[in-house]
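>>> After the sequence you'll find the predicted model.
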Amino acid sequence: MTPRELLRALFDAAIASAQPAAAVPAHLPDPASVKGRLVVIGAGKASAAMARAVEDHWQGPAQQLSGLVVTRYGYSVPCERIEIIEAAHPVPDEAGLHAAQRIKHFVQGLSEDDLVLCLISGGGSALLPAPAAGLSLADKQDINAQLLKSGASIGEMNCVRRHLSTIKGGRLAALCQPARVLTLLISDVPGDQLPDIASGPTVADPTSCADALAVLERYRITVPTAARQLLEGGAGETLKPGDARLARCETRLISSPQIGLEAAARVAREAGYGVCILGDSLEGEAREVGRVMAGIAQQVRTHGQPLAAPCVLLSGGETTVTVRGSGRGGRNVEFLLALGAALKGAPGIWALAGDTDGVDGIEEIAGAILTPDTLERARSMGIKAASSLDNNDGHGFFGALGDAVVTGPTLTNINDFRAVLIAPP
């Protein structure tokens, strides 16, 4: 297996580990525990596939089951009793607004005997826009677009989103009362912080309106007067730990970035490579993480530390990009550009970085592969890595070289995946 083939096999293994068909069945409720209806709701890039897994494996009466979930355009799968709606990501649209309104209505009038099964995965924040009082969808779109370009972390972005919503930050669970709520989560956030997965519609939120205001000020995000008043006056406050409205709620994390890294590690070891998992929650500017990773790869190549070649350095998490140029963006390709520029064509070092949902930034491209001769091939085409990096144009750079990684909709999302391969000396 060539380094290029191995890198793709590692990426594919990580994605396969997080498929809802494998992750959901073991966590479905015992039919005997559901005396009333089983009401399925959800949001995220994996939600439709999760809904299909529920239908395929639910052992109770079919007529007991009904539902409504929203997923990203192109990520729908056919279901019989659970309706699937598609909407926009990462910037919300009217379809998402309509879906959020319908889901809020769908959970009204439930009884204590009913169970709400909430299927949540990455992307749910944008797919469930429910603007707080005084705000419009256009306001939420503008704030979201500013946050995406600001360099804010996913935790910071979702802190703002939670406090400007009528459905996030535990509010959806409150609407389900008096029914029980069981939430199944596929994590796409560093550290698997539950309030940050789709902005936590069914879990308590330890952050405050003051925290959201601080994020807006830190990144100079312009918001309407109504949004600032909501935050300054505390009207946008979310449900906190210990809130009685969450007393009948249970949450289960069924897949995560760490599980994907471990699946990739098994494939690498079977191919005869040593493995070092550097972390499942690395954050920071993508270009800075790329430079640090280049230093670690060089230490392996030169000194055999922290392990000797042949080996693979694996990491996950979610980096950020502060957009200054006019390129096509993408945090994974920005990471690779910075990595390649720092390595300067060092022999024997390859890398793949991609988003496990199949979309890096707003491009229908998962990521790319960096080879030892990437810079040389680019120069022969008149393309400079430094210029592409300055312009935030990683997709343009790797696309021109034919090194983009395209998966199509993966129907899941366990955040970014990075593998740096150091070949045998």
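Perfect, I can see it now.

>>> Relative to residue 75, how far out is the nearest residue to residue 186 once chain neighbours are set aside?
Nearest non-adjacent residue to residue 186, counting by CB to CB, 6 or more residues apart in numbering: residue 121, 4.1 Å away. Any C-beta I mention is one placed from the backbone N, CA and C, and that applies to glycine too. Distance of residue 121 to residue 75, given as CB to CB, to the nearest Å: 10 Å.

>>> More neighbours: which of the two?
Remark: of residue 121 and residue 75, residue 121 carries more neighbours, 35 against 28, as counted by other CB atoms under 10 Å.

>>> and the gap between that one and residue 420?
With the distance defined as CB to CB, residue 121 ends up 27 Å from residue 420.

>>> Over to residue 181?
41 Å.

>>> next one: residue 289
11 Å.

>>> Ok, residue 255 next?
For residue 255 relative to residue 420 (CB to CB), the value is 24 Å.

>>> What are the boundaries of the strands in this protein?
Counting by DSSP state E, the chain has these strands, from start to end: 38-43, 65-72, 82-87, 115-121, 180-186, 249-255, 274-282, 311-317, 349-355, 367-370, 404-405, 416-422.

>>> now those in TSV, with mean pLDDT?
Listed next are these as TSV, based on pLDDT from 0 to 100:
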stretch	mean pLDDT
strand 38-43	98
strand 65-72	97
strand 82-87	98
strand 115-121	98
strand 180-186	98
strand 249-255	97
strand 274-282	97
strand 311-317	97
strand 349-355	98
strand 367-370	98
strand 404-405	97
strand 416-422	98
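
>>> By residue count, which helix of this protein is the longest?
The longest helix of the chain (DSSP state H) is helix 286-303.

>>> For that helix, which outside residues touch it?
With contact meaning CB atoms under 8 Å, 6 or more residues apart in numbering, helix 286-303 is reached by 278, 282, 305-309, 311, 313, 315, 319-321, 331-332, 334-343, 346, 348-349, 351, 389, 418, 420, 422, 425.

>>> Equivalent analysis for stretch 368-381, please.
Against stretch 368-381 from outside (CB under 8 Å, 6+ apart): 3-4, 7-8, 332-333, 336, 339-341, 344-354, 384-385, 394-395, 397-398, 400-401, 403-405.

>>> Would you mind listing which of the residues you listed are buried?
Buried members of these, counted by 16 or more other CB atoms under 10 Å: 3, 7-8, 332-333, 336, 339-341, 348-354, 385, 394-395, 397-398, 400-401, 403-405.

>>> care to break the protein down by domain?
Structurally, the chain divides into domains by automatic domain parsing as follows: 19-255, 258-422.

>>> mind checking which of those is nearest residue 13?
With CB to CB as the measure, domain 258-422 is the member of the domains of the chain nearest residue 13 (4.6 Å).

>>> The closest one spans what distance, first to last residue?
21 Å (CA to CA, to the nearest Å).

>>> swap in stretch 159-177?
End-to-end for stretch 159-177, by CA to CA: 24 Å.

>>> same check, this time on stretch 375-391
First-to-last residue span, stretch 375-391, CA to CA: 17 Å.

>>> Show me what counts as buried in that stretch.
375, 378, 383, 385, 388, 389, 391.

>>> circling back: dump the domains of the chain to a markdown table, plus distance to residue 12.
Listed next are the domains of the chain as a markdown table, based on distance: least, CB to CB, whole Å:
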| stretch | distance to residue 12 |
| --- | --- |
| domain 19-255 | 11 |
| domain 258-422 | 8 |
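
>>> Neighbours of the closest residue to residue 267 other than its chain neighbours, how many?
Take residue 267 and drop its neighbours on the chain: the residue closest to it by CB to CB, 6+ apart is residue 13, 4.6 Å away. By other CB under 10 Å, 20 other residues sit near residue 13.

>>> got a list of what residue 243 touches?
170, 174, 204.

>>> Please apply the same query to residue 400.
Contacts for residue 400 (CB under 8 Å, 6+ apart) come out as 378, 381, 383.

>>> for those, which one is nearest residue 363?
Closest to residue 363, out of all of these and judged by CB to CB, is residue 383, at 17.6 Å.

>>> re earlier: of the contacts of helix 286-303, buried ones?
278, 282, 309, 311, 313, 315, 319-321, 331-332, 334-343, 348-349, 351, 389, 418, 420, 422.

>>> still on that earlier bit, quick one: which of the contacts of residue 243 is most hemmed in?
residue 170 (25 neighbours).

>>> which one is that residue nearest to, not counting chain neighbours?
residue 239 (3.2 Å).

>>> pLDDT wise, what is the one you found at?
pLDDT recorded at residue 239 is 98.

>>> what do you get for residue 94?
Note for residue 94: predicted pLDDT of 97.

>>> Let me see the contact set for the nearest residue to it once chain neighbours are set aside.
Closest residue to residue 94 apart from its sequence neighbours, by CB to CB, 6+ apart: residue 137 at 6.7 Å. Shown in contact with residue 137 (CB under 8 Å, 6+ apart): 92, 93, 94, 97, 129, 131.

>>> The same query, at a cut-off of 7 Å, please.
For residue 137, the contacting residues are 92, 94, 97, 129, 131, by CB atoms under 7 Å, 6 or more residues apart in numbering.

>>> Now do the contacts for residue 317.
Applying CB under 7 Å, 6+ apart, the residues near residue 317 are 190, 257, 279, 280, 281, 282, 283, 415, 416.

>>> ok, how many other residues are close to the first one?
Meaning residue 190. Per other CB under 10 Å, the neighbour tally for residue 190 reads 22.
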